[in-house]
Each structure stands twice: as C-alpha cells, then as structure tokens.
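A.B. asks: Any chance you could fold what I've pasted below:
(one chain, ligands or ions: 1)
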Amino acid sequence: MQTLICWSPEQILKFLAHSRCIPNQTRCSGCGLEMVLVGAADCPDGFKWRCSSCGGEKGVREGSFFASPLPISKLIYIVYVWSVDYWDPDTKHSFLELEARIPRPTTSEWMHRCQEVCLKFHASDGVFRRSCKKEKRSAFEAFLEMVSLQQ
Ligand SMILES: [Zn+2]
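C.D. replies: Residues are numbered from 1 along each chain as shown. Sure thing, here's the model as predicted:
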C-alpha cells in the first residue's frame, strides 16, 4: 500500500471501484438507464458517467464517501494518513499540510468524516486501530471495507 501515493488518479479510482468504495456501475437519474463510463478531459478525475439515451452525466465519485471536488490523490492520502497508528493527530495534520499541501481545514474535515464512518462500526477510531493491530490487519484496508459496507 506504500505505493499508493505514486498511483495515478485513474489507478486510484480503479482500486476504489474494485474495493466497492465508488460505484462500478450506475443508473441515470433522469431515465433510469445504465450509464456508460467515458473519458472526460474537463473532469479532474478524467472520467464521468454518461447516459447514452438522454446525455445525462454524473461524476464517478458521486453518491460515495469519496464524493468531493478534492483531487482523489489528495483525498486518498488523507484517508491513508488518518488510518495509520504511528502519529498523533496533530502530526498527521502537519504532515499533510507540508507534504501534500492540503490545508488544515480540509484535513480536519476529512479526518472527522473518517471518524464518523468508524463510529458506525466501532466505539472510536482508537478502538478501531487497536483492533486492526490485534488482528494484524491494515487499518487502511479495513477502513475501505467499512466504507464499502456503509454504501
Ligand atoms: Zn438518461
């Protein structure tokens, strides 16, 4: 998982779709037909869903935990740093601010959202990380599993 920060947005999106954290398929909200994934240079994600009948469009992350105008590479970085057990929260914010140039209000907001997902399954994120450690599981992978289960 260490290579994750080197992945292209396309690789990250494919990984998230494979992990069932973003939709693999979707229906048009206008006419209910199955939409097609098309390349989109105008979208930061590089892709979008399009309805071949009415031309309706939808973002690839729409309706998922990862729905956000924030580039997916930055967002996945926040989630990854949040999930690791090595640093205290303040160090995590400083690291993301310096290394990934993500402003603190954004990291605070997303780390809070991660905690909220956690609370649906565990008592707190501390309890979650400890149980992952005990089970020798990656907290990042376990978190993505929770995200896939809640949608
Ligand atoms: Zn349609």
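
A.B. asks: What are the structural domain limits within the chain?
C.D. replies: By the assignment in automatic domain parsing, the chain contains the domains 23-60, 72-150.

A.B. asks: first vs last residue of the shortest one, how far apart are they?
C.D. replies: Terminal residues of domain 23-60 lie 7 Å apart, using CA to CA, to the nearest Å.

A.B. asks: picking that back up, right, and the domains of the chain - which one's nearest residue 15?
C.D. replies: With CB to CB, the closest approach to residue 15 among the domains of the chain belongs to domain 72-150: 8.5 Å. Placement of C-beta: from N, CA and C, glycine included.

A.B. asks: how far out from the middle of the chain is that closest one?
C.D. replies: Chain-centre distance of domain 72-150: 10 Å, with CA atoms, centre = their mean, to the nearest Å.

A.B. asks: Helix or strand: which one has the closest residue to residue 61 other than its chain neighbours?
C.D. replies: Distance criterion CB to CB, 6 or more residues apart in numbering; nearest residue to residue 61, sequence neighbours excluded, is residue 67 at 4.8 Å. Here residue 67, judged by DSSP states H and E, is contained in no helix and no strand.

A.B. asks: wait, doesn't residue 67 sit right on residue 59?
C.D. replies: Yes: in this structure, residue 67 is within contact of residue 59 by CB atoms under 8 Å, at 7.1 Å.

A.B. asks: When the two are compared, which one has more neighbours?
C.D. replies: Neighbour count, other CB atoms under 10 Å: between residue 67 and residue 59, residue 59 has more, with 20 against 13.

A.B. asks: now the helices for the chain?
C.D. replies: Per DSSP state H, the chain carries helices over the ranges 9-18, 72-83, 89-99, 104-121, 125-134, 139-150.

A.B. asks: what sits against the residue sitting nearest the centre point of the chain?
C.D. replies: Residue closest to the mean C-alpha point of the chain, counted by CA atoms, centre = their mean, is residue 66 at 4.1 Å. Applying CB atoms under 8 Å, 6 or more residues apart in numbering, we find residue 66 in contact with 16, 21-22, 72, 75, 147.

A.B. asks: Same question for residue 60.
C.D. replies: Contacts for residue 60 (CB under 8 Å, 6+ apart) come out as 13, 17, 22-23, 37, 43, 45, 47-49.
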